[in-house]
Structures are given as C-alpha cells and as structure tokens.
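S.K.: I'll drop the sequence and a predicted model, then ask my questions.
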Amino acid sequence: MTMTTPGDLPAPDQGLVLTHFLTVRDVARSSRFYAEILGGEVVLKENPAIVKVANSWIIMNPGGGPTPDKPGVTLAPPESSDTVSSFLNVRVADIGAFYADAVAKGAEFLTEPLDRKAELRCYMRDPDGYLIEVGQATGMRHGVFADPPAGSQPAV
C-alpha cells in the first residue's frame, strides 16, 4: 500500500502519540468497519493493520501467544460482549447526524443517543464486540454534568 505522507503513520519525530490496539478476528473486516463507520483511512493493510481516524490511529492484528517482549501474555479478542474493561470513546460534533450515517452504513447500536445531562451518548459494537462510546458534549459545555452512579460518594 502506498503511503501519502509520513504523517499517516503513528511515528512521531519527537514526543509521543497515543494509539489504540485491538486484537481482532478478521483484520480486513475490522479495518473496513473503522474506515467506513468512523470515516478513517486505512494506511497499512496488515502486519499490523493501521487505520487513521481523525487525530488518532487504531492498530489491529490477530491474537497470538507470548513474544519475547511480552512473555506470558496472550492476545485474544473479547470472549463475551457482556463484560468490558475498556472501550473506545469517540466525541462528535453532531451525534444525530453521526448516528444516522453510521446506522445507514450498518453499524449496530445498543440504544439510540440518550440525554445524560452532560452529553448525548450511545454505544455501538465493532465486528469483534468491542464497545465504542459515541458522545456529544451538551450540558458539560455549560457546567452541567451527569448525576453520579447510584450509591457512589460525591466527589470532594
């Protein structure tokens, strides 16, 4: 694949860039999802696949066993979509337009965007079951934040 500029790759000349790595079952399918649904650009097809999305990159490879630099660690896609320990958080300017466009392209959301006081928010899943939060700041722009979870202690 031809690169248009060195800036297409997450390789800073100084400092750092933050990327998100996903262990996926089907690299081509996942790359298409992130390119089509989030408007990304596939800058490397495989080994690893890299999709540039807005001001970040999503890096994808199939799972595998331990390597010399990660001894004792096995990478695998999620076993279940019911329990997650992290998720991608996407912030948009117009959640209604993003939601309608993503649904038209085949994205599946858990709910429609819901008003959470601080933001409008909804979640979708990628082809491997990774959770993706999509939100639009509303109330937080004016100092209005979401209620704390039931039973939690207020922040001091």
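M.R.: Good, I have the coordinates. Numbering: from 1, shown residues only.

S.K.: contacting residues for residue 110?
M.R.: Contacts of residue 110 were listed using CB atoms under 8 Å, 6 or more residues apart in numbering, and they are 122, 123, 124, 125. (C-beta placed from N, C-alpha, C; glycine too.)

S.K.: could you redo the last one with a cut-off of 6 Å?
M.R.: residue 123 (CB atoms under 6 Å, 6 or more residues apart in numbering).

S.K.: list phi and psi for it.
M.R.: When read as degrees, to the nearest 10, the backbone of residue 110 gives phi -70, psi -40.

S.K.: same deal with residue 125?
M.R.: Here residue 125 shows phi and psi, under degrees, to the nearest 10, equal to phi -120, psi 150.

S.K.: partner residues bridging the residue lying closest to residue 27 once chain neighbours are set aside?
M.R.: Nearest residue to residue 27, sequence neighbours excluded (CB to CB, 6 or more residues apart in numbering): residue 49, at 4.8 Å. Assessed by DSSP bridges, residue 49 has beta-bridge partners residue 60.

S.K.: so residue 31 is in contact with residue 42, correct?
M.R.: Yes: using CB atoms under 6 Å, residue 31 makes contact with residue 42 at a distance of 5.2 Å.

S.K.: which one's more surrounded, the two?
M.R.: The neighbour comparison of residue 31 against residue 42 (other CB atoms under 10 Å) goes to residue 31, with 22 against 17.

S.K.: sorry, back to before: list residues touching both of residue 31 and residue 42?
M.R.: In contact with both residue 31 and residue 42: residue 51, using CB under 6 Å, 6+ apart.

S.K.: list the contacts for the spatially most central residue of the chain?
M.R.: Nearest to the mean C-alpha position of the chain, by CA atoms, centre = their mean, lies residue 88 at 3.3 Å. Taking CB under 6 Å, 6+ apart as the criterion, residue 88 is in contact with residue 132.

S.K.: thinking again about what came up before, hang on, isn't the residue nearest to residue 27 packed against residue 58?
M.R.: No: using CB under 6 Å, residue 49 makes no contact with residue 58, being 8.5 Å away.
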